[in-house]
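Engineer: Task: produce atomic coordinates for the following.
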Amino acid sequence: MNSPAFPTGAHFGHCLDLYLECRNSFWSIVDKYEIKVVFSSHEHNYSRRIISGKNNINQIISGGGEKLKSKYHSKNGVIIPHIAIYHFVVVDLNPKSIKRSAIDIKRKLLDKFII
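Structural biologist: Below you'll find the model as predicted:
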């Protein structure tokens, strides 16, 4: 999805957090069906955070197609604070795991985790 449910930076207050009832309804569905990872962009940086509920859900913000943003407002549950660098994300799906890596355009590993 484009707008993060829980933005951390430049678009804080201008994403799904602006519509709390809708955001919370959406997130309750994500939680209910035990979705492990939600990808979004819009903030023009990379970050990863855990959103707690019945299940801990990884929210990945991966956006970098325009001017990079380095503002940082919300630190709740943040595992990797925003990194304002051009990057890409590789996702390997296996029957029993999801392996996800964020890599900058110079091939430096920014983040890696396995669910």
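
Engineer: lowest-pLDDT helix or strand in the chain?
Structural biologist: Among the helices and strands of the chain, strand 78-83 carries the lowest confidence by mean pLDDT, DSSP states H and E, at a mean of 90.

Engineer: who touches it?
Structural biologist: By CB atoms under 8 Å, 6 or more residues apart in numbering, the list of residues contacting strand 78-83 from outside reads 8-9, 43, 45-50, 58, 61, 69-70, 72, 75, 102, 110-111. In this view, the C-beta of every residue, glycine as well, is placed from N, C-alpha and C.

Engineer: Partner strands of the strand or helix carrying residue 49, with direction?
Structural biologist: Under the criterion of DSSP states H and E, residue 49 resides in strand 46-51. In the sheet containing strand 46-51, the strands it pairs with under DSSP bridges are strand 57-62 (antiparallel), strand 78-83 (antiparallel).

Engineer: Out of those, which one sits most buried?
Structural biologist: For these, the stretch with the most neighbours on average is strand 57-62, a mean of 22; neighbours defined as mean count of other CB atoms under 10 Å.
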